[in-house]
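> Show me the folded form of this:
(2 chains)
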There are 2 protein chains.
Amino acid sequence: MTSTLHNSGFMDQALQEARLAQQRGEVPIGCVVVKEAQVVARAGNRTLELNDPTAHAEILAIRQAGAVLGSQRLDTCDLYVTLEPCTMCAGAISFARIRRLYYGAADEKGGGIEHGARFFSQATCHHAPEVYGGLAERDCQHLLRAFFQQRR
Amino acid sequence: MTSTLHNSGFMDQALQEARLAQQRGEVPIGCVVVKEAQVVARAGNRTLELNDPTAHAEILAIRQAGAVLGSQRLDTCDLYVTLEPCTMCAGAISFARIRRLYYGAADEKGGGIEHGARFFSQATCHHAPEVYGGLAERDCQHLLRAFFQQRR
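Predicted coordinates for the structure are as follows:
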């Protein structure tokens, strides 16, 4: 159980996707989807590259996982992402029936899990994953802060 | 102003996309994105066909509009959709900076505009469109009800 619950290797891979996003000039957020201890999808933000406001790391990774696994239901999959998902991504995680959500840094300004809409607590949310926040929090925070400081 | 605000022709085109979705075996919801009185993107649900839980009509239409217009910011665009958007789609509409949202039927169980997360009223929502609900409500409701009655 512990290896599935807190395999920091998966968050390291999400961090790697975040760094690759940064190299492309995107906000450094990365995500992996894991099924039975195997990464089945990985992505970083690509909103600028694709002219697509929905191209958050989580959305891209969920779409990829659905295509790879041949199903829109990812109910045996866990999702690792470096930042607290926004409301849009919280919705996607719910529709995908993700089993467990692990995220790194909290996002006071845009998060939809422990901030704002708190979507998983709404009556209109029909599936909520188990949620574990604060995984590799310092590394995840550092990457985002450095990125936004550079931009100022 | 009135022709832009209440051009029922655009909702009729969204309804047409909903009917096409139904013919593909998908939940009959349709959407068009309009810029300067021209439809720039149109889509119906394709979650089953694409094995993609994010493939709601609104998400597909927004992605298409971003690609066509070469920008992830659709701030001069209006979006017409046959059902009250869910929380995921509300997030996407906000990120896309959609100017006006017109929807048909309300969705008590899954809506994210006037139900549940009410995302546009959250402090974590950084752009809210003008919202007009109840456009061609009866036709939009009828299509969905008939679909779900058939499935029972």
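
> quick one: the strands in chain A?
For chain A, the strands defined by DSSP state E cover A:30-35, A:38-44, A:77-83, A:100-105, A:130-132.

> Can you add mean pLDDT and give the ones you listed back as TSV?
Listed next are the strands of chain A as TSV, based on pLDDT from 0 to 100:
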stretch	mean pLDDT
strand A:30-35	98
strand A:38-44	98
strand A:77-83	98
strand A:100-105	98
strand A:130-132	98
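
> how about the ones you listed, which one is nearest residue B:74?
Closest to residue B:74 of these is strand A:38-44 (Cβ to Cβ; 22.3 Å). C-beta: built from backbone N, CA, C; applies to glycine.

> What about residue A:146, how many residues nearby?
Neighbour count for residue A:146, taken as other Cβ atoms under 10 Å in any protein chain shown: 12.

> ok, now which ones touch it?
Not one residue lies near residue A:146 by Cβ atoms under 8 Å, 6 or more residues apart in numbering or on different chains.

> Let me see the contact set for the spatially most central residue of chain A.
Computing the C-alpha centroid of chain A and ranking residues by Cα atoms, centre = their mean puts residue A:81 first, at 3.0 Å. Residue A:81 is in contact with A:14, A:29, A:30, A:31, A:57, A:58, A:89, A:101, A:102, A:103, A:104, counting by Cβ under 8 Å, 6+ apart.

> try 6 Å this time
Contact analysis of residue A:81 by Cβ atoms under 6 Å, 6 or more residues apart in numbering or on different chains lists A:14, A:31, A:58, A:103.

> pretty sure the second one contacts residue A:57?
Just to be clear, that refers to residue A:31. Yes - the pair residue A:31 / residue A:57 is scored as a contact, 3.8 Å apart, by Cβ atoms under 6 Å.

> shared neighbours, the two?
Joint contacts of residue A:31 and residue A:57 (Cβ under 6 Å, 6+ apart) are residue A:43.

> wait, isn't residue A:117 in contact with residue B:122?
Yes - Residue A:117 is in contact with residue B:122 according to Cβ under 6 Å; the separation is 5.3 Å.

> And the two? Which one has more around it.
Using other Cβ under 10 Å, the more surrounded residue of residue A:117 and residue B:122 is residue A:117, with 30 against 19.

> Now do the same contact list for the residue lying closest to that one once chain neighbours are set aside.
Computed as Cβ to Cβ, 6 or more residues apart in numbering or on different chains, the closest residue to residue A:117 that is not its neighbour in sequence is residue B:117, at 3.7 Å. The neighbours of residue B:117, taking Cβ under 6 Å, 6+ apart as the test, are A:117, A:119, A:122, B:87.

> Now do the nearest residue to residue A:58 once chain neighbours are set aside, the pLDDT please.
Spatial nearest neighbour of residue A:58, chain neighbours left out: residue A:89 (4.0 Å); criterion: Cβ to Cβ, 6+ apart. Predicted confidence (pLDDT) for residue A:89: 98.

> out of the contacts of residue A:81, which one sits closest to chain B?
Nearest to chain B among these, counting by Cβ to the nearest Cβ, is residue A:58 at 9.4 Å.
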